[in-house]
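J.: coords please:
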Amino acid sequence: MSYTDQVIASLKKNIESFKKEVQIEEVGTVIEIGDGIARMSGLEKCQAQEMLEFPGGTLGIALNLQEETVGAVILGSYTHIKEGDMVKRTGRIMSIPVSDALIGRVVNAIGEPIDGKSPISTKTFYPVERIAPGVMTREPVNRPMQTGIKAIDALIPIGRGQRELIIGDRQTGKTAIAIDTILNQKGQNMICVYVAVGQKESKVARIVSKLQEAGAMEYTIVVSAGASEPAPMSYLAPYSGVAIAEYFMDKGKDVLIIYDDLTKQAWAYREMSLLLRRPPGREAYPGDVFYLHSRLLERACNLNKEHGGGSITALPIIETQAGDISAYVPTNVISITDGQIFLETDLFYRGIRPALNVGLSVSRVGGSAQTKPMKKVAGSLKLGLAQFRELEGFAQFASDLDPETKKSIERGRRMTELLKQSQYSPESVEQQVVSIYAMSQGLYDAVDVSRVKEVERKFVEFMRASKPALLEKIQNGEWGEEIEKGLKEAISQFESK
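T.: Down below sits the predicted model:
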């Protein structure tokens, strides 16, 4: 065969194997760009919340679908995008990659790793917006989620599947409670997701470092939208966090998610809405700012066994101005959640930490989220603190108090001292129970207030050394006359030392 014949045969073969493929892409044109917002024309079939691709691979989310134009927020830097640039539809509603490989990693609002480690490869994507599980798929919250903080576990218990708001002014210890709760989940079969919204990168780095130091990154994922990033990232981060949490919940696992904080998400959403020219409402927030948080927090639930039995426990954080919990966003989130932990500036500066206002803090799940021993001992603590709050006001003015009132006030002071707890030192449930029970039995009554913590520490050490079997029973949720008798004997032995 001549060379010409060979070339002809090769061409014929290629023509026969050629498959005609037509790829259709819907594209639009940027007609306006600025402040992280783009308006485009030509995207007729664009869907709400659809991801759009801008030049350079930058992603955006379509939020405003108008007759002639589409308004989108840009996720990331937008300085390279200019009028006349081409925008492509991806056909994918906003979703993020999810996988077990996320555990121990720090990612941004679109699921990209930002901790300098290897890329995360996965083919599983979860939508950031998803309808919350229905009533029939849920079951009541009845399993405790121990925070390791005595004042909370005893007075404002949190259960797996609950939404408990942490609310207070700046610098009152809101994040400290959240981080201590994560540290306390070690060995509790719980995945933790910490979402940092609009926080300084240095603060997030400090938190990650502390979690690594304590070995908590082994079960924790950090989603961060830094203060230097555009508003859309702060808006998106909580939704990305809960999508990651849902991935683990769907596998039947218990997840704890912390949103630090949703005030900054509301600010970011307000900024985006005003730039998208949506009509402003009260305090310039858009009318759907309640829906922004309700559709996020409703996704926290306790699923029944037929639907996998997983749970998401949400601890949203809200920052108040001068303790005003009746402002717009705080009242919104209070009405969505199952209770709130209210931290007060005055208490914080008086050295009562956690700075818990017991009167305004509440858990709408209550004793259902406590073990039997904690439920038994916490009742007397609540009553004692309530009496102390009532009498404390009178004590400032009354020079002559009867012995019973004096006794209640002195015990109340020791209760307040007992509930103080330093940061990064969560306590196990059995340790909390024996400390509170010892208080109800008058162990600290004869002790000076300044020595209450020292005596408590010594008593817990004594219990660990001499009564480990008793502590194990309390840890397993057992309670009865025999255990009470054992505890009373232990208190007598400790007092006689």
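J.: could I have stretch 196-203 exported to PDB, CA atoms only?
T.: Output in PDB follows, covering the C-alpha atoms of stretch 196-203 (Å, rounded to 0.1, in the frame of the first residue of the first chain):
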ATOM      1  CA  ALA A 196     -16.600  31.400  62.800                       C
ATOM      2  CA  VAL A 197     -18.600  34.300  61.100                       C
ATOM      3  CA  GLY A 198     -16.800  37.600  60.600                       C
ATOM      4  CA  GLN A 199     -14.200  36.800  63.300                       C
ATOM      5  CA  LYS A 200     -10.600  38.000  63.100                       C
ATOM      6  CA  GLU A 201      -8.300  35.400  61.500                       C
ATOM      7  CA  SER A 202      -6.000  35.700  64.600                       C
ATOM      8  CA  LYS A 203      -8.900  34.700  66.900                       C
END
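J.: Can you give the contact residues for it?
T.: In this structure, residues lying in contact with stretch 196-203 by Cβ atoms under 8 Å, 6 or more residues apart in numbering are 204, 207, 222-228, 234, 237-238, 259-262, 264-265, 267-268. No exception for glycine: its C-beta is placed from N, CA and C like everyone else's.
J.: Would you mind listing which of those residues are buried?
T.: Buried members of the contacts of stretch 196-203, counted by 16 or more other Cβ atoms under 10 Å: 204, 207, 222-226, 234, 237-238, 259-262, 264-265, 267-268.
J.: So which of those belong to helices?
T.: Taking DSSP state H as the definition of helices, the buried ones among the contacts of stretch 196-203 contribute 204, 207, 234, 237, 238, 262, 264, 265, 267, 268.
J.: Spatially nearest residue to the third one (excluding sequence neighbours)?
T.: Take residue 234 and drop its neighbours on the chain: the residue closest to it by Cβ to Cβ, 6 or more residues apart in numbering is residue 268, 3.7 Å away.
J.: repeat for residue 176
T.: Closest residue to residue 176 apart from its sequence neighbours, by Cβ to Cβ, 6+ apart: residue 423 at 4.8 Å.
J.: Ok, residue 490 next?
T.: Nearest residue to residue 490, sequence neighbours excluded (Cβ to Cβ, 6+ apart): residue 467, at 5.4 Å.
J.: Residue ranges in the stretch 251-400 of the chain under the pLDDT threshold?
T.: For the stretch 251-400 of the chain, applying pLDDT under 70 flags the ranges 396-399.
J.: switch to 80 and redo it
T.: Within the stretch 251-400 of the chain, the stretches with pLDDT under 80 are 390, 392-400.
J.: coming back round to it: quick check: the residue nearest to residue 234 touching residue 227?
T.: No. Taking contacts as Cβ atoms under 8 Å, residue 268 lies outside contact range of residue 227: 10.6 Å.
J.: about what we covered before: which secondary structure element is home to the residue nearest to residue 176?
T.: Under DSSP states H and E, no helix or strand contains residue 423.
J.: OK, contacts around it?
T.: 173, 176, 179, 180, 353.
J.: can you check residue 256 too?
T.: Listed by Cβ under 8 Å, 6+ apart, the contact partners of residue 256 are 145, 181, 182, 185, 190, 191, 192, 193, 312, 313, 315.
J.: Backbone dihedrals for the fifth one, please?
T.: In other words, residue 190. The phi and psi torsions at residue 190 (degrees, to the nearest 10) take the values phi -140, psi 130.
J.: Would you check how far apart it and residue 257 are?
T.: Distance from residue 190 to residue 257, counting by Cβ to Cβ, to the nearest Å: 11 Å.
J.: Redo the contacts of residue 423 as JSON lines? Include neighbour count.
T.: As requested, the contacts of residue 423 are exported to JSON lines (neighbours: other Cβ atoms under 10 Å):
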{"residue": "173", "neighbour count": "18"}
{"residue": "176", "neighbour count": "19"}
{"residue": "179", "neighbour count": "23"}
{"residue": "180", "neighbour count": "22"}
{"residue": "353", "neighbour count": "20"}
